[in-house]
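# make a model of this:
(one chain, ligands or ions: 1)
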Amino acid sequence: MNERDSEAVSGLLLEKGYTQTPSMDGADVILVNTCSVRDHAEQKVFGRLGHFKKLKEENPRLVIGIIGCMAQEHGGNFFKRNPEIDLVCGPGNLNQIPDLIDEIKTARVGTKARASRLAVDKLNDEYGLDNVRYRSDKTKALVTIMTGCDHRCTYCIVPYTRGDERSRRPESILREIKDLDARGFKDVMLLGQNVNSYGKGLEEKIDFAGLLEKIQEAAPGIPRLRFITSHPKDAHTRLFQAMRDLPMVCEHLHLPVQSGSDLVLRRMKREHTADWYLKQVEEYRRAAPEGTLTTDLIVGFPGETDKDFLGTMSLVEKAQFDSAFIFQYSPRPGTPAMKLRDDIPREEKARRHQALLSLQRSVGLKKNQSMIGKTVEVLFESRTRKDGARFVGRTRGYKRVVGGAGRDVTGKLLSVRITGVADETLLGEIVP
Ligand code: SF4
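Purely as a prediction, here's the structure:
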């Protein structure tokens, strides 16, 4: 979602007459779009601020802004900690950025005094970044359909930095997607913290499956439509039916489970059990037998026993994920889980992490090997870095494929016969 927000803010500034510079040296404005999901990402941002201080010393007219989740979380404290920062702007205020920069520049004229702006007061307002046409890619596009989250998973900072769930009006989404269709985009990813609960609070009575149906009708020229992220509690039969029935909706579901232990899930406040999750997986597989399934997992959550961990290992075997993002729990300031004792030793977290990674790798590898000999549709994205005659692309299930071609196939949808597997990548030959 940060990537799309960055595109949207870039679009607003380009419309205002700004141009992009190839590097930070020589820029008049530097905006850092931040994520606060992991403490590590925050520390990286704080680490980079020293460099900005140097740039500001060299060019006192430079406007430096921190935008996004960290801006929302830390607000005006940024100015105290790093006086070189001029602008702090939360996710709900991003459409004000061009005006805020103008205000900063105007307030500086004729004075040496600092002029800074703090904008974090629109966290729960309607999604405001409509009609932004700037795209960093020519074939794949990100489209935000909702933002914020009404769940309160105890390890997660998102509800406090992105606010409550707000759905974007369908007509605004459809306008953007029709435009993408007219411009020849081939892969559209719908974004939201919990896309499955789309529709809450809108005047029009519509759910996420209903939105997918409208998109299919309005922009049938787009061959691929995908979405991320889904909460298991809100992924319903209607969604699986839409995935089965609508040709443009790709057969890929990212459904974070986090743990295979009901006790841990309860402490995480996930609002689903392991069994319930597996039933959903069954329903999805009935609707999309060839579909791919990916997930997020956390090991070492407070109080996770060996038995709890084995429950997660067992769930991974049963669910047969194509791939998984696996994280070691680390306490995140500002989340309810900070009140729980972080009682799993670091070495034990690392051991569990390694064991789960190795299990998931072998599950994923077998699934990939089962594709050898099959012919799949691939949307090619770019040349590989190492070999200019080989191209990398994605299947409808979002598996990475590398294949050779004697011509530039970037942006093309082609049939590829899978001939081998290298770790998580499929290797293939373009079918003439
Ligand atoms: S559903 Fe996702 S975004 Fe919402 S609180 Fe839980 S982990 Fe965070």
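# count of residues packed around Arg244?
15 (other CB atoms under 10 Å). Just so you know, the C-beta spots here come from the backbone N, C-alpha and C atoms, and that holds for glycine as well.
# that one falls within a strand, correct?
No - assessed with DSSP: H, G, I helix; E, B strand; the rest coil, Arg244 is helix; it does not lie in a strand.
# who's in contact with stretch 35-43?
2, 34, 68-70, 72-73, 156-158, 161, 327, 330-333 (CB atoms under 8 Å, 6 or more residues apart in numbering).
# and the residue of the stretch 301-432 of the chain found nearest the ligand, how far from Ser36?
Residue nearest to the ligand within the stretch 301-432 of the chain (CB to the nearest ligand atom): Thr335, separated by 9.1 Å. For Thr335, the distance to Ser36 equals 10 Å [CB to CB, to the nearest Å].
# out of these two, which sits in the busier spot?
A direct count of neighbours by other CB under 10 Å for Thr335 and Ser36 places Ser36 higher, at 23 against 18.
# need phi/psi at the more buried one.
phi -120, psi 20 (degrees, to the nearest 10).
# show the backbone phi and psi for the closest residue to the ligand within the stretch 201-350 of the chain.
Here the stretch 201-350 of the chain gets closest to the ligand at one residue, His231, 4.7 Å apart by CB to the nearest ligand atom. Note on His231: its backbone torsions stand at phi -90, psi 130 [degrees, to the nearest 10].
# where's Arg417, which helix or strand?
strand 413-422 (DSSP states H and E).
# still on that earlier bit, shared neighbours of Thr335 and Ser36, which are they?
Ile157.
# top of the contacts of stretch 35-43 by neighbour count?
That'd be Gly68 among the contacts of stretch 35-43, by other CB under 10 Å, with 26 neighbours.
# wait, that one touches Gly90, no?
Yes - counting by CB atoms under 8 Å, Gly68 does reach Gly90; the two are 7.4 Å apart.
# skipping its backbone neighbours, what lies nearest Thr144 in space?
Among residues not flanking Thr144 along the chain, Leu191 sits closest, at 4.8 Å (CB to CB, 6 or more residues apart in numbering).
# that neighbour touches Met1, doesn't it?
Yes - because the distance of 5.0 Å satisfies CB under 8 Å, Leu191 is recorded as touching Met1.
# find the residues that touch each one of those two.
With CB under 8 Å, 6+ apart, Leu191 and Met1 have common neighbours 142, 144.
# what parts of the chain come near the ligand?
Residues of the chain lying near the ligand by CB under 6 Å from any ligand atom: 149, 151-153, 156, 158-159, 193-194, 231.
# from the residues you listed, which would you call buried?
Neighbour counting with 16 or more other CB atoms under 10 Å marks 149, 151, 153, 156, 158-159, 193-194, 231 as buried within these.
# so where's the longest helix in the chain?
Scanning the chain for the helix with the most residues, using DSSP state H, yields helix 346-369.
# circling back: so which of the contacts of stretch 35-43 belong to helices?
2, 69-70, 72-73, 158, 161.
# and those, which two are furthest apart?
Asn2 and Glu73 (13.8 Å; CB to CB).
# the helices in the stretch 1-150 of the chain, which residues?
2-15, 39-58, 69-74, 77-81, 97-108 (DSSP state H, counting those that start in this stretch).
# remind me what the first one packs against, helices and strands.
Translated: helix 2-15. Counting contacts by 3 or more CB pairs under 8 Å, 6 or more residues apart in numbering; DSSP states H and E, helix 2-15 is packed against strand 29-34, strand 63-68, helix 97-108, strand 140-144.
# would TSV of these with distance to Phe380 and mean pLDDT be doable?
Below are the helices and strands packed on helix 2-15 laid out as TSV (distance: least, CB to CB, whole Å; pLDDT from 0 to 100):
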stretch	distance to Phe380	mean pLDDT
strand 29-34	28	92
strand 63-68	31	93
helix 97-108	34	90
strand 140-144	11	94
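# closest one to Ser10 among these?
strand 29-34 (8.9 Å).
# now do the contacts for the nearest residue to Leu142 once chain neighbours are set aside.
Of all residues not flanking Leu142 in the chain, Arg4 sits nearest, at 3.9 Å (CB to CB, 6+ apart). Arg4 makes contact with 142-144, 191 under the criterion CB under 8 Å, 6+ apart.
# for Arg4, give its distance to Pro91.
For Arg4 relative to Pro91 (CB to CB), the value is 11 Å.
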